[in-house]
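**Q** need a 3D model of the sequence below.
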Amino acid sequence: MDIKTVRGRIKHEGFSFLTITLPSFGKDFERCLEQGFADRRLFTGFRWKGGLPLFLGGFLGRVFDASSGKLLDDPCIDSILSIRQLTLMFGKIAYPCSDTRKRQAMRKYIECEKDVLATSNRLSPIDLERFHRVSTLLFDRVFKHMDLLIQMGELTPKHGPGVTADKLLGNQKYRQYTWPARLQEMFPSLDHLLPSPNFVWELEKVDILEPDAEIPVRVVSVPKTLKTPRIIGIEPTAMQYAQQAILPVILDGLARDYNLDAMLGFDDQTPNQRMARKGSLNGELATLDLSDASDRVSNQLVCELFTEHPSLYKAVQACRSLRADVPGHGIVSLSKFASMGSALCFPMEAMVFLTLIFMGIEDGLSRPLNRKDVKHLRDQVRVYGDDIIVPVRFVHSVVESLQLFGAVVNSRKSFWNGKFRESCGKEYYAGEDVSIVRVREAFPNTRRDAAEVISLVSLRNQLYFAGYWSTCEWLDEKISGLLKHFPVVLPSSPVLGRHSHLGFATQRMHDDYHSPLVRGYTVSAPIPENSLEDHGALLKYFLKRGGKPSFDEKHLERSGRPQSVYIKLRFASAV
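**A** Reported below is the predicted structural model:
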């Protein structure tokens, strides 16, 4: 009957039933786990029977009491996992939103900006002084070191492969002919646009932009879910270039401090996941999620972080964009520090959130914090982007602190009462992993739909290791209709193939390396043609980071992110 319901509602409601309605059911189910009972105010659009929704009632009855709706003392973990898998698996499929939803997202971006400005105006000098005091307790030593490095000129800028607001791509970025005047003090064009002073005549071609003439951040929407797009800000080339100079100084500085390294995450989500599991077991740790986290970090708070470290302060503010071009709303001034897309967005929000968390803990203790307190709490507090973990005993004061300074705690994705916890893509109930496999792309129609084919093979293999072997058999048949060659390979193989606990296939041996080969499809994503020569090529060489011997041999001919992806049939390694 559940299957019949799904088929019938898809027929009448369309794809949105899978991507919007069912995920809402799944989130309501998680909220009921948190509350300890099935709440009739939730599960909108579904009929009830007794104390539970009729839909998926067989599973729900193994988690909640069928008559009262109360959470069972020992609910079935497999049923919790099954309900989540069935309802949430299509919730984050990358599907284009309607134009109406995109316009709504842009309006929300503007409203968020107004909220940030209103919050900044509302904060009292006492609030800001306290923020400064706690941030000094946490970061003063590492900021002093960062400040010294910047004073010494230990900044090496970097260009990335992505798009920029001025639409320079790849190698084109090494021939910049605009430079914001605000960058000149901390990032002189003579030092950063040229490989050496011998090319000083090239500066005659550079247009130094005053603040009112700077290129604004280009705000765009990218696919996230059918319900709402993801809004990001594409930074100008010069700003992103300078931001990448400061980024390693900040990340390396934070990693040098034992306490901060334990509490701030930038490239490893597993500590958050381990702490979420621990919280689901002993109930001592809460997992919090913030809505529009990046867009709600006020530049006012970032200024308070660095006010006693002038070089660091000037460098961070110099490479911060002041305005954004928002579709349908024109160019607006920014009160936020930066939108997602700035290289400094992630570390700045993490430091601001960590400060606000410890202000909340201070409220919970009803006394000022000291370094001993920070050391004692370093294994109980963790910030990774908008995923936050704090001790349950301080959760209410932390939430109040975050909200006072403009953050919005997402109550539907924050947990501290029951045994369910969620952080950084992993979910746990009573210490058991109830994480799910998600469908990320629509299914392909032909082999030419390369991105969809790659995603479908990945989905099949994730489901295999999650134990859904019958589903894998169904997918194997579907994929084999698209890919004539679909061999069994190891996860490390470049071939689009089936992963298995039983090993891998071998069709021939490599003539030179004597390694097993199979015939299958591999992914090819050619780098666009984008040539670079003269002083730009020399600058690219001098800016190279790391100890690797050299660039790709064709790096001066091709650069940037691939603009297309396709799959080709060949013999390749099975391991």
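
**Q** would you mark the buried spots in whichever helix in the chain runs longest?
**A** Longest helix of the chain, by residue count under DSSP state H: helix 125-151. Across helix 125-151, burial judged by 16 or more other C-beta atoms under 10 Å covers 128, 130-132, 134-139, 142-143, 145-147, 149-150. For glycine as for every other residue, the C-beta is placed from the backbone atoms N, C-alpha and C.

**Q** so what's the residue count around Ala262?
**A** Number of residues near Ala262 (other C-beta atoms under 10 Å) recorded here: 16.

**Q** before we move on, back to that, counting by contacts, list what the longest helix of the chain packs against.
**A** Here helix 125-151 touches helix 237-256, helix 258-263, helix 299-306, helix 310-318, helix 345-365, helix 371-377, going by 3 or more C-beta pairs under 8 Å, 6 or more residues apart in numbering; DSSP states H and E.

**Q** Asp74 sits in which helix or strand?
**A** Of the helices and strands defined by DSSP states H and E, none includes Asp74.

**Q** past the longest helix of the chain, which element shows up next along the chain?
**A** Criterion used, DSSP H and E; the element after helix 125-151 is strand 178-180.

**Q** tell me what that next one is packed against?
**A** strand 207-209, helix 237-256.

**Q** show me what counts as buried in the longest one.
**A** Looking back up the chat, that one is helix 237-256. Going by neighbour count (16+ other C-beta under 10 Å), the buried part of helix 237-256 is 237-250, 253-254.

**Q** do the shortest one as well
**A** Residues of strand 207-209 classed as buried under the neighbour-count rule (16+ other C-beta under 10 Å) are Leu209.

**Q** also stretch 211-230?
**A** 214-221, 224-226, 229.

**Q** what's the lowest-pLDDT member of those?
**A** Across the buried residues of stretch 211-230, the bottom pLDDT score, 75, is held by Leu226.

**Q** which non-adjacent residue is nearest that one?
**A** Of all residues not flanking Leu226 in the chain, Thr19 sits nearest, at 4.1 Å (C-beta to C-beta, 6 or more residues apart in numbering).

**Q** can you give the domain ranges for the chain?
**A** 2-91, 99-429, 450-573 (automatic domain parsing).

**Q** let me know which of these is the nearest to Val437.
**A** With C-beta to C-beta as the measure, domain 450-573 is the member of these nearest Val437 (4.6 Å).

**Q** average pLDDT for the closest one, rounded please.
**A** 91.

**Q** for it, how far is the first residue from the last?
**A** End-to-end distance of domain 450-573: 20 Å, with C-alpha to C-alpha, to the nearest Å as the criterion.

**Q** on the three-state scheme, the residue lying farthest from the centre of the chain is what?
**A** The C-alpha centroid of the chain is most remote from Asp511, which lies 43.0 Å away (C-alpha atoms, centre = their mean). Three-state call for Asp511 (DSSP: H, G, I helix; E, B strand; the rest coil): coil.

**Q** how much space between it and Phe571?
**A** Asp511 sits 11 Å away from Phe571, going by C-beta to C-beta, to the nearest Å.

**Q** and Lys144, by the same measure?
**A** 57 Å.
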